[in-house]
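Colleague: pasting a predicted model and its sequence here:
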Amino acid sequence: MTDAVEQAKPLPVLLESLLFVAEGPVTIDSLANALSVESVQVEEALTQLKELYAGRGIRLQRVRERVQLVTSPDCAAVIEKFLGVSVSGHLSAAALETLAIIAYRQPVTRPAIEAVRGVNCDGVLHSLLARGLIEEAGRQETAGRPILYTTTFEFLQNFGLRGVDDLPPLEQAAEQVLADAVEHANAAAQHVSERIK
């Protein structure tokens, strides 16, 4: 296929082909580079693909600046049957609680998570990291430079979400408790950091 023929295809078609052959999530910039277009054009094409996939067997999944094609969670049962696989390994209540805190407050530190839960979370965080449901996303610029955690594409796939925007809204009281605890933990870390200077 010549470059002229490839250029004649609409951008969403070309973008879809790249996402289909990609081995995992890819950045908007790398897609723009591959297609020799601006990132804003890729964003527009992604919006068109997202609308096109509504109600279909595949969907577009996005975490910040990375996107990938995935199957619809509505098709999980038939896919598991076709592939002969079964999903096992339930998460404990502690793991689900920690995962929810990270999902709604990401990026968030371990001290902030522990401020919400009131218990040590080392073991649970290691378990969630090992399952690929969360990942390290840098360090907070406070005392001790604690690790920041975010959810991953695997998290979205496991819970059938296109992005974190698909998370159901928290009740106002729960939102306030979560916000207060995380803010308190961050303020304490900042206070310690300033005292060290």
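Modeller: It's in. It should be emphasised that the depicted structure is a prediction, and the values quoted were computed from it without experimental measurement. Numbers count the residues shown, from 1 in each chain.

Colleague: how close does the spatially closest residue to Gly138 that is not a sequence neighbour sit to Arg131?
Modeller: For Gly138, ignoring the flanking residues on the chain, the nearest one in space by C-beta to C-beta, 6 or more residues apart in numbering is Leu148 at 5.1 Å. Bear in mind the C-beta positions are built from the backbone N, C-alpha and C, glycine included. From Leu148 over to Arg131 the distance is 18 Å, taken as C-beta to C-beta, to the nearest Å.

Colleague: what are the ranges of the strands in the chain?
Modeller: Per DSSP state E, the chain carries strands over the ranges 26-27, 58-63, 66-71, 108-109, 134-139, 147-151.

Colleague: residues touching Val182, list them.
Modeller: 105, 108, 112, 115-116 (C-beta atoms under 8 Å, 6 or more residues apart in numbering).

Colleague: and stretch 95-112, which residues are buried?
Modeller: Within stretch 95-112, the residues that qualify as buried are 95, 97-99, 101-112, counting by 16 or more other C-beta atoms under 10 Å.

Colleague: just to revisit the earlier point, comparing the strands of the chain, which comes out most buried?
Modeller: strand 108-109 (a mean of 24; mean count of other C-beta atoms under 10 Å).

Colleague: mean confidence for that one?
Modeller: Strand 108-109 shows a mean pLDDT of 92.

Colleague: which residues does that strand contact?
Modeller: By C-beta under 8 Å, 6+ apart, strand 108-109 touches 101-102, 140, 146-149, 182, 185-186, 189.

Colleague: appreciated, that's everything.
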